[in-house]
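# need the 3D shape of this:
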Amino acid sequence: QQTYFSAGSPVKPGDKILELDKTFTQIEFEKQKDQLELKRNSIVRIKLDLDKSFFDIQIQDSIKAYRINSLKAELENAKRLFKAGGGTREAIEQAETELRIAQLEKRQLENDIRSRQLAMQASIRESQITAAIQEKELSEFEQKLRQANIVATRAGVLTYVNMNLGSKVIEGEILARIADLGSFKVLGTVSDSYAAQLRSGMPVIVRINDEQLRGTLVNIHPAVSNNVVSFDVALNDQKSVGRLRPRMKVELYLVTEAQNKTRRVQNGPAFRGGAVQDVFVLRGGKAERRTVRLGLSNFDFIEIREGLNPGDSVIISDMSAYKNIRVIDIK
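Model (predicted):
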């Protein structure tokens, strides 16, 4: 229905970003609420009906008990009359038959009472389970209504906001993204030919123009895609990330080895990757060719292990055209 912030805007916790049309969900919520109330009333009604039915059976059972006592008395009277000569054996047999029938009917009622008790418990339990399911569905609708209030959960900057007013959104669709610019993780990639040199904990240099940030490789992704290995870098000092932005591309340098207190010279086209090679050193007005042994290197510097002394001026441009000349006059 309405947007309150656009992409790039800073937000703080509790700021309302979007407002969704909750009319349909609210109607469905009220419907579910009414259905739940009906189910609860139905449970009460079932209990009342079953209690009444159970009470009626108990009354019938009590009546049968009185009837059996009465038939027992009639049987005793028939036997006394027969002994006194005033009754017949048929009357005794008739009284005994009626007594046995009444006793069987009472046993049948007692069995009905037990069955009705179990049926009552099962029916009530079924209704309670149905009500519990509806309560969970009602809670889901309540959760949806709460989530329909799109508010910022933390301070940061909006990197994306759905600005299409009137468009229909489906459950699970991303409506806004918030980036916490006070903390960053860097996703790096490198050719899989260097995969064997990667290891967790190795130092990483993050270069932004002329600024360098230090970090550590914390995770290497196991899958290789398009001959590229991906890895995660955590920055050592999150306070110095003011120039970083989400989705920003930066240069990463993985430090595979380090050397302290060494001689180095600025890297350039003169160094072609060999461990031993010739370079030209300026001396007076001439450039003299000198053989040097090289060590570690990066994009900025290269280590000089032998052949040069601190203070020597070295030509780092491509001098391959003079490879057969020992001394060059510099004009």
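
# show me what contacts P269?
316-318 (C-beta atoms under 8 Å, 6 or more residues apart in numbering). Just so you know, the C-beta spots here come from the backbone N, C-alpha and C atoms, and that holds for glycine as well.

# secondary structure element holding it?
Using DSSP states H and E, P269 is not contained in any helix or strand.

# pLDDT wise, what is it at?
P269 is assigned 89 on the pLDDT scale.

# and what of A155?
On pLDDT, A155 comes in at 85.

# how close does the nearest residue to it once chain neighbours are set aside sit to R283?
Excluding the flanking residues, the one nearest A155 by C-beta to C-beta, 6 or more residues apart in numbering is K12, at 4.9 Å. Distance of K12 to R283, computed by C-beta to C-beta, to the nearest Å: 65 Å.

# distance of L38 relative to E142?
According to C-beta to C-beta, L38 and E142 sit 18 Å apart.

# correction: the previous question concerned K12.
26 Å.

# quick check: which element contains R40?
Per DSSP H and E: R40 is located in helix 23-83.

# pull out the buried residues from stretch 202-216.
202, 204-206, 213, 215 (16 or more other C-beta atoms under 10 Å).

# touching it from outside, list them.
With C-beta under 8 Å, 6+ apart as the test, stretch 202-216 has contacts from 186, 188, 201, 217, 233-237, 240-241, 243-244, 250-256, 258.

# now do 10 Å
Contacts to stretch 202-216, defined as C-beta atoms under 10 Å, 6 or more residues apart in numbering, come from residues 184-186, 188, 200-201, 217-218, 220, 231-238, 240-244, 248-258, 298-300.

# wait, S183 touches G242, no?
No. Counting by C-beta atoms under 10 Å, S183 does not reach G242; the two are 12.0 Å apart.

# quick revisit: which helices and strands does the helix holding R40 pack with?
Helices and strands touching helix 23-83, by 3 or more C-beta pairs under 10 Å, 6 or more residues apart in numbering; DSSP states H and E, are helix 89-147.

# what is the helix it packs on packed up against?
Under the contact rule (3+ C-beta pairs under 10 Å, 6+ apart), helix 89-147 is packed against helix 23-83.

# so the helix it packs on versus helix 89-147, what angle?
170 degrees (axes from the mean of the first three to the mean of the last three C-alpha atoms, to 10 degrees).

# state the mean pLDDT of helix 23-83.
Computed over helix 23-83, the mean pLDDT rounds to 79.

# distance between it and the chain's centre?
Distance of helix 23-83 from its chain centroid, counting by C-alpha atoms, centre = their mean, to the nearest Å, is 51 Å.

# now the farthest one out in this structure, which residue is it?
Farthest-out residue of the chain from its mean C-alpha position, per C-alpha atoms, centre = their mean: G85, at 94.9 Å.

# three-state assignment of that one?
Under the three-state scheme (DSSP: H, G, I helix; E, B strand; the rest coil), G85 adopts coil.

# swap in A223?
strand.

# quick one on the thing from earlier: got a quick ChimeraX command for the buried subset of the contacts of P269?
If you want just the buried ones from the contacts of P269 in ChimeraX, going by 16+ other C-beta under 10 Å, the selection is:
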select :316
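
# identify, from the contacts of P269, the entry nearest to Q58.
Closest to Q58 out of these is I316 (108.2 Å), distances taken as C-beta to C-beta.
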